[in-house]
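Chemist: Curious how this folds, go ahead:
(one chain, ligands or ions: 1)
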Amino acid sequence: MNNKSLVSITDYSKEKIQSILEHAAAFEKNPNQDLLKGKVVATLFFEPSTRTRLSFETAINRLGGKVIGFSDASTTSSSKGETLKDTITMVSNYADLIVMRHPLDGAARYASEVSAIPIINAGDGANQHPTQTMLDLYSIKKTQGKLENLKIYFVGDLKYGRTVHSLLMAMSHFNPTFTFIAPDELKIPDQYKQFCNEKGIAYRELSELNDISDADILYMTRVQRERFLDLVEYEKVKNVYTLKNKMLENTKQNLRVLHPLPRVNEIDTDVDDNPKAYYFQQARNGVFARQAVICDALGLI
Ligand code: CP
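Modeler: The predicted structure follows:
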């Protein structure tokens, strides 16, 4: 694997995470710099995206780099049967860095093993979304003033939600307490509970979204329709939780509602104007976090 790749959030040490967050803060103060002058970054999106692709491309543009790539794999030679290995090998000839989203778990790891240039994982199946985690951490630190000793509630699709999987692993450095709220069909997989057990992280599992009075972060997630093999099963759980403004009464002053977005029905629009709603600012933070991740992958910071 190219050692500058970011495939899993576990590729970053605690110190690296803290360093990237410091750089992200500096980029927020001064986002327009020429650090990527002469560099070409390829954004290869084999799955749909709004925020991740556009915030990466904004980050690259603001740093003076050039972007090549695609947002619809059906227009590429992968639709003619070209393998991922051949695609990555070819793009390695053109660019200095590859940002890739792919529907298959493990695709980013595989790409990093066959690539001559660093790979940044922009989401692989239900597995990992490490750059989302960096903007989530940045958002948590910005709103809470710290990352340590926080009570984090994860709500919704904890089975397929790759942002949950990455974030809980990253938070393991900071002594969190987790509450996992999901229906039986979408419970947090055993491997992540085992991870918590190994790291000594306290957690509990609930099936109802009722009492959130001690939460510092309420991390809502969308039920991931695209991961279901049987859409009848999706229909059963698609509206399982909807956060309403009234439910934020009697919550902590510092509580912030995060969501990686897109949302469907899981946050009522009446929450949007509540000062505790932070999901749109969270998405904005993605530009600065990704500027820091890109510069790290290219050895520029
Ligand atoms: N959070 C996130 O990954 O959003 P997109 O799917 O729009 O990139």
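Chemist: What residues does the residue of the stretch 151-300 of the chain found nearest the ligand make contact with?
Modeler: As assessed by C-beta to the nearest ligand atom, the ligand sits closest to P260 within the stretch 151-300 of the chain, at 3.7 Å. Placement of C-beta: from N, CA and C, glycine included. Shown in contact with P260 (C-beta atoms under 8 Å, 6 or more residues apart in numbering): R51, H129, Q132, D136, T163, T221, R222, Q282.
Chemist: ranges for the helices of the stretch 1-150 of the chain?
Modeler: Shown for the stretch 1-150 of the chain, the helices assigned by DSSP state H, counting those that start in this stretch span residues 14-29, 51-62, 84-94, 107-114, 130-144.
Chemist: out of those helices, which comes closest to the ligand?
Modeler: Minimum separation from the ligand across those (C-beta to the nearest ligand atom) falls at helix 51-62, 3.2 Å.
Chemist: buried residues in the closest one?
Modeler: R51, T52, R53, S55, F56, E57, T58, A59, I60, N61, R62 (16 or more other C-beta atoms under 10 Å).
Chemist: do stretch 293-301 as well
Modeler: Of the residues in stretch 293-301, V293, I294, C295, D296, A297, L298, I301 count as buried by neighbour count, 16+ other C-beta under 10 Å.
Chemist: Next: stretch 113-126.
Modeler: Quick answer for stretch 113-126 (16+ other C-beta under 10 Å): V114, S115, I117, P118, I119, I120, N121, A122, G123, D124, G125, A126.
Chemist: ok, for the last one, nearest residue in space, not its chain neighbours?
Modeler: Counting by C-beta to C-beta, 6 or more residues apart in numbering, the nearest residue to A126 once its immediate chain neighbours are dropped is Y160, at 4.2 Å.
Chemist: Dihedrals phi and psi, that neighbour?
Modeler: Y160 adopts backbone torsions of phi -100, psi -10, taken as degrees, to the nearest 10.
Chemist: neighbours around it, how many?
Modeler: Applying other C-beta atoms under 10 Å, we find 21 residues neighbouring Y160.
Chemist: Relative to N149, how far out is L243?
Modeler: Going from L243 to N149 by C-beta to C-beta, to the nearest Å gives 24 Å.
Chemist: Who has more neighbours out of the two?
Modeler: Using other C-beta under 10 Å as the criterion, L243 and N149 rank with L243 on top: 24 against 11.
Chemist: Please state the offset of the lowest-mean-pLDDT helix or strand in the chain from the chain centre?
Modeler: Within the chain, no helix or strand scores below helix 231-237, which has a mean of 92 by mean pLDDT, DSSP states H and E. Computed by C-alpha atoms, centre = their mean, to the nearest Å, the chain-centroid distance of helix 231-237 equals 24 Å.
Chemist: Report the buried residues of the very next helix or strand once past that helix.
Modeler: The C-terminal neighbour of helix 231-237 among helices and strands, as given by DSSP states H and E, is strand 256-258. Residues R256, V257, L258 are the ones in strand 256-258 that count as buried (16+ other C-beta under 10 Å).
Chemist: before we move on, what about stretch 263-270?
Modeler: When neighbours are counted by 16+ other C-beta under 10 Å, the buried residues of stretch 263-270 are found to be R263, E266, I267.
Chemist: just stretch 271-286 next, same as before
Modeler: Within stretch 271-286, the residues that qualify as buried are V271, K276, A277, Y278, Y279, Q282, A283, N285, G286, counting by 16+ other C-beta under 10 Å.
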